[in-house]
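Student: what follows is a predicted protein model with its sequence.
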Amino acid sequence: MSALKPSLQQVGEPDLGHIQAMLNHYELFRGECKRLIVETDQVCERMHDDNVKHLEQRVREIQFLRKELELKLEELVVEIDALLNKKSRVMKALDACKEPLRVTSLCLEERRKRGPSVRLHDDVNAELRKEKLVLEEVTVLLENVEKQITEQIRLNRSAKYHLEKDLTEKSTAENIDASCVLMNVHSINLPDGSSAVPPSLPVAQTQWENISNLNLDKAEQQRRSSESLRVLVETVLQQTTADIQKQVQATTTAFQLNIQQVKSHKLQIEEKLLKVVAEINSQQKIREDLQVSITKKQELLSLAQARLALRRQRPSKEQCHDPAQVQIFAHVQQLTVSINKLHEDVAQSEHEQRALVRCQVSLQEAVNTKANCLYIDEVVCKQLREPFPYIV
């Protein structure tokens with residue numbers, strides 16, 4: 001019987017010890033699996049929580065940068081609007097310079113129409129030339145300033161474009177990461193073909209921050225440049241306005257002083273002209289008196305000569321130089337001398353009258369010239385300069 005047992009065990013009976021060992025192994029395996037499940041659950045849950053925390057942190061970082069970008073973008077937009085306003089004022093100032101420059105040139109041209117004797121370089125012409133030079137220099141300066149503003153606006157808009165692009169990308173990334181925070185196993189909804197999207201090149205954290213910081217720094221640099229340019233533009237506008245107003249006032253003062261001087265000189269010439277005309281009339285009157293006197297003396301001379309001729313008809317014995325004869329002869333000589341002297345005075349009066357007439361003509365021309373100068377300065381130029389527009 002004892003020899004039969006091993007063969008029976010080998011043939012049909014199970015190895016209980018081996019089975020027990022297997023059961024024990026399976027129990028240990030199940031325990032290990034449960035432990036592994038617990039451990040992996042804990043690890044996965046911890047990693048999921050870490051993922052959520054990192055995603056939330058990432059969202060906060062993006063939100064922080066986005067606020068910085070939005071703030072800088074708002075500042076840049078305000079700066080662009082301010083520069084556009086300055087540019088509008090500069091363009092208005094440029095337009096306002098055109099009419100004064102035209103008026104100044106017209107005044108110089110009108111004053112060239114004065115007579116040759118007064119077409120000299122006077123204070124008014126000097127101030128008008130200064131005024132023209134100031135207006136031309138201001139025009140060139142404002143044109144250069146307008147170009148600087150245009151270029152700065154272009155740079156600002158370039159910085160604005162990069163800020164807006166960065167903001168758009170940040171908003172997209174924020175929305176994606178916020179969706180990732182809210183995502184769970186039941187909300188996974190990847191679009192078809194998403195697995196086929198090629199992965200983008202990884203960007204380091206510092207590189208990611210540097211991109212926005214670079215855009216922020218560039219925008220800040222342009223904002224500061226814009227601010228400095230606006231201060232410069234305001235200074236230029238105020239200074240050019242002051243320079244033009246100062247020169248316009250100097251020119252106006254020169255006009256007023258010149259008008260007063262011309263009026264005074266014209267009045268003096270007119271007074272002299274009246275005296276010359278009066279003297280011409282006096283010379284005419286005295287010449288008429290001389291002619292009357294000559295006529296009377298010629299009549300007396302004829303009478304005295306007739307007496308001498310008649311007395312020569314006396315008998316020869318009576319032809320003596322008696323006192324009457326002597327007196328008549330002396331009278332003839334005296335009348336002849338007087339008549340000759342009167343003729344000389346008539347000739348002298350005629351000569352003086354011709355000189356007076358020439359003086360009258362010269363004075364009248366001077367009066368006409370002064371009147372023409374007054375008309376140009378007091379009427380033509382004054383009317384041209386009255387609506388002198390300059391708006392800043």
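Tutor: Yes, it's here.
Student: residue 384: neighbouring residues, count only.
Tutor: Neighbours of residue 384 under the rule other CB atoms under 10 Å: 16. Using the backbone N, CA and C atoms, a C-beta is placed for each residue, glycine as well.
Student: element containing the closest residue to it other than its chain neighbours, please.
Tutor: Nearest non-adjacent residue to residue 384, counting by CB to CB, 6 or more residues apart in numbering: residue 103, 4.9 Å away. Using DSSP states H and E, residue 103 sits within helix 16-111.
Student: so which elements touch the following helix or strand past that helix?
Tutor: The helix or strand immediately downstream of helix 16-111 is helix 123-182, counting by DSSP H and E. Where contact means 3 or more CB pairs under 8 Å, 6 or more residues apart in numbering; DSSP states H and E, helix 123-182 is packed against helix 16-111, helix 205-311.
Student: thinking in terms of the whole chain, how far from its middle is the first one?
Tutor: Between the centre of helix 16-111 and the centre of its chain there are 44 Å (CA atoms, centre = their mean, to the nearest Å).
Student: cool, stretch 222-232 as well?
Tutor: Mean C-alpha position of stretch 222-232 versus that of the full chain (CA atoms, centre = their mean) differs by 19 Å.
Student: just to revisit the earlier point, and the residue nearest to residue 384, how many neighbours?
Tutor: Neighbours around residue 103, by other CB under 10 Å: 22.
Student: before we move on, what about residue 76?
Tutor: Other residues lying near residue 76 total 22 when counted by other CB under 10 Å.
Student: now do the closest residue to residue 106 other than its chain neighbours against residue 242, distance only.
Tutor: Closest residue to residue 106 apart from its sequence neighbours, by CB to CB, 6+ apart: residue 384 at 5.8 Å. In this view, residue 384 and residue 242 are 23 Å apart by CB to CB, to the nearest Å.
Student: tell me, how many residues neighbour residue 83?
Tutor: 21.
Student: is it true that it touches residue 151?
Tutor: No. Contact between residue 83 and residue 151 fails when scored by CB atoms under 8 Å: they sit 10.4 Å apart.
Student: where do the contact lists of those two overlap?
Tutor: When CB atoms under 8 Å, 6 or more residues apart in numbering defines a contact, no residue borders residue 83 and residue 151 alike.
Student: got a pLDDT number for the closest residue to residue 270 other than its chain neighbours?
Tutor: Leaving aside its chain neighbours, residue 270 sits nearest to residue 367 (5.8 Å; criterion: CB to CB, 6+ apart). If you check residue 367, the pLDDT there is 93.
Student: residue 367 reaches residue 265, doesn't it?
Tutor: No. With contact defined as CB under 8 Å, residue 367 does not reach residue 265; the gap is 9.8 Å.
Student: those two - which one has more neighbours?
Tutor: Ranked by neighbour count (other CB under 10 Å), residue 367 and residue 265 place residue 367 first, with 17 against 14.
Student: give me the secondary structure label for that one.
Tutor: helix (DSSP: H, G, I helix; E, B strand; the rest coil).
Student: how near is it to residue 99?
Tutor: Residue 367 is 34 Å from residue 99, by CB to CB.
Student: now residue 331
Tutor: 86 Å.
Student: likewise residue 55?
Tutor: From residue 55 to residue 99 the distance is 66 Å (CB to CB).
Student: so for these two, which sits in the more crowded spot?
Tutor: Using other CB under 10 Å as the criterion, residue 55 and residue 99 rank with residue 55 on top: 18 against 15.
Student: let me know the pLDDT of the more buried one.
Tutor: Value for residue 55, per-residue pLDDT: 87.
Student: for it, what are its contacts?
Tutor: Here residue 55 is in contact with 177, 180-181 (criterion: CB under 8 Å, 6+ apart).
Student: which of these sits closest to residue 290?
Tutor: Closest approach to residue 290 among those (CB to CB): residue 177, at 126.3 Å.
Student: surely the closest one touches residue 62?
Tutor: Yes. Between residue 177 and residue 62 there is a contact at 6.8 Å, judged by CB under 8 Å.
Student: those two: which is more packed in?
Tutor: Set side by side, residue 177 and residue 62 show more neighbours around residue 62, with 22 against 18, by other CB under 10 Å.
Student: ok, now how distant is that one from residue 184?
Tutor: Distance from residue 62 to residue 184, by CB to CB: 22 Å.
Student: and what of residue 159?
Tutor: Counting by CB to CB - residue 159 and residue 184 are separated by 41 Å.
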